[in-house]
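1. 3D model of this:
(chains A and B)
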Amino acid sequence: MKHIKLFNLTGSFAENKDIAQTIRKEQILPALNNGEKVILDFEKIDAATQSFMHALISDLFRIFGDSVLDRIDFKDCSETVQKIIGIVVDYMQES
Amino acid sequence: MGNIDQFIQDFDSTEPEKLTITAVDKWMWVHPVVLSMIASLALKIEKKNIICQQITAKSGHYLERMGLFNFLGIKSGMNIVEHESSGRFIPLTQIKNSTELTKFITDMIPLLHLMPQQAEPIRYIVSELVRNVLEHAQTKYGAIICAQYFKKSNTIRFGISDTGIGIKTSLRNFYPTEDDIEAIKLALMPGITGTTSREGGTELNAGAGLFFIKSIAYVNHNFFIIYSGTGMYKLFRKQKQEQEGDFVLHANPKLDRHSERNNLPQWDGTVIGIDISLDSTSEFNKLLDLIRNVYSRAIRERKEQKYKKQPKFT
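-> Sure thing, here's the model as predicted:
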């Protein structure tokens, strides 16, 4: 199980896509490729942009399909973060 | 912002190597979007080719305080007492990379004295708009942004400009259009990006940013304009009789109450202006629910249209 605490990387407003891309490439993807589950921990993050979330998770749907959701836990999300994740997950599954 | 058309119409872009600024004698005020445009142009033009008429209007001090003359490389000759900027304005700022953007957003919220509910859509808007410039405009000058708070209307007015490739050129590989206004309207639709024609976008771009911004502006009764090339789309403020819950968010910007122009003086790049009323900042999370519904439906409908096989009748 790979536990990724995002706050130290993003601050309370997660908007930097470069950081999102780095987290995905250097932490999430290697863990998923190893067959591990991933916890994305949003504790202390009060909001995120759709761009950030897209850069963080959209490619996982392309690589692993919708079933990637069974292998990721979104932990301690604020209501806003939950909704942003919901939007990205929805449109990636529609695509 | 309601009458910005007139200013833009009178902007003379026929000599791009020169910048000449004139002003009326008695009283003047310009929207921050205009200041961001002037500062963007000033960065590209040799200082010896920048001429600014002596500003005599007392209200011209505003230009000094917003930092315009620093961008022009001209001494204004105005002796003013600098007031504490908190709660009043964000002077013209050039943002050229992600790190500068993150710092700008962090500094901006306390400067504008915003409540959390007010801050949420504002930092969202600024982040997405500036990031659009950094990623798509292809300009070394980055984005120029400024803002001013107006106590009487309890509104923050923002201007963000760039002198990059513009929206039409940015979209042309995957969504070629005949003219600038069509490109602007396409860019406002969810899921349209200049980086791919694939639904869901690329690993880094979904084509959602401008649709989110338009939606935030619409729900919060805000003016919103995009000007690029010779085209301008202006979203009108939601009418007062439209109460929350009554109105419909549209994926297609043609369905929103708006005006459009396609014969304005050429702006090489993109200009965005937005007036954010702090009285009517709807709950951001409710807005996100609306966006989620509209966004998914738009992609579904577009996919069906694209892939649905039609019978051939001979």
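
2. ok, how many other residues are close to the residue in chain A that chain B sits nearest to?
-> Using Cβ to the nearest Cβ, the closest approach of chain A to chain B is made by residue A:95 at 3.0 Å. In short, each C-beta sits where N, CA and C put it, glycine included. Using other Cβ atoms under 10 Å in any protein chain shown, residue A:95 has 18 neighbouring residues.

3. can you tell me the helix or strand for residue B:127?
-> helix B:116-136 (DSSP states H and E).

4. do the same with residue B:212
-> Judged by DSSP H and E, residue B:212 forms part of helix B:209-219.

5. Check which helices and strands that helix is in contact with.
-> With contacts taken as 3 or more Cβ pairs under 8 Å, 6 or more residues apart in numbering or on different chains; DSSP states H and E, helix B:209-219 sits against helix A:50-64, helix B:116-136, strand B:224-229, strand B:231-235, strand B:267-277, helix B:284-307.

6. mind giving me TSV with those and columns for mean pLDDT, mean neighbour count and distance to residue B:91?
-> Formatted as TSV, those follow (pLDDT from 0 to 100; neighbours: other Cβ atoms under 10 Å in any protein chain shown; distance: least, Cβ to Cβ, whole Å):
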stretch	mean pLDDT	mean neighbour count	distance to residue B:91
helix A:50-64	95	22	26
helix B:116-136	90	22	15
strand B:224-229	96	27	21
strand B:231-235	95	23	25
strand B:267-277	93	24	17
helix B:284-307	82	16	27
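
7. picking that back up, list the contacts of the helix holding residue B:212.
-> A:50-51, B:121, B:124-125, B:128-129, B:131-132, B:187-190, B:222-224, B:226, B:235, B:238, B:244, B:247, B:249, B:251, B:253, B:256, B:272, B:274, B:276, B:282, B:287, B:290-291, B:294-295 (Cβ atoms under 8 Å, 6 or more residues apart in numbering or on different chains).

8. and what of stretch B:177-187?
-> Around stretch B:177-187, the neighbours that count as contacts under Cβ under 8 Å, 6+ apart are B:166-168, B:170-171, B:175, B:192, B:207, B:210, B:226, B:228-233, B:253-254, B:260-262.

9. residues from the stretch 151-300 of chain B in reach of chain A?
-> B:190-191, B:198-201, B:203-206, B:208-209, B:212, B:284-285, B:288-289, B:291-292, B:295-296, B:299-300 (Cβ under 8 Å from any Cβ of the partner chain).

10. Next up, the contacts around the residue lying closest to residue B:7 once chain neighbours are set aside.
-> Leaving aside its sequence neighbours, residue B:7 sits nearest to residue B:34 (Cβ to Cβ, 6 or more residues apart in numbering or on different chains; 6.2 Å). Applying Cβ under 8 Å, 6+ apart to residue B:34 gives the contacts B:4, B:7, B:159.
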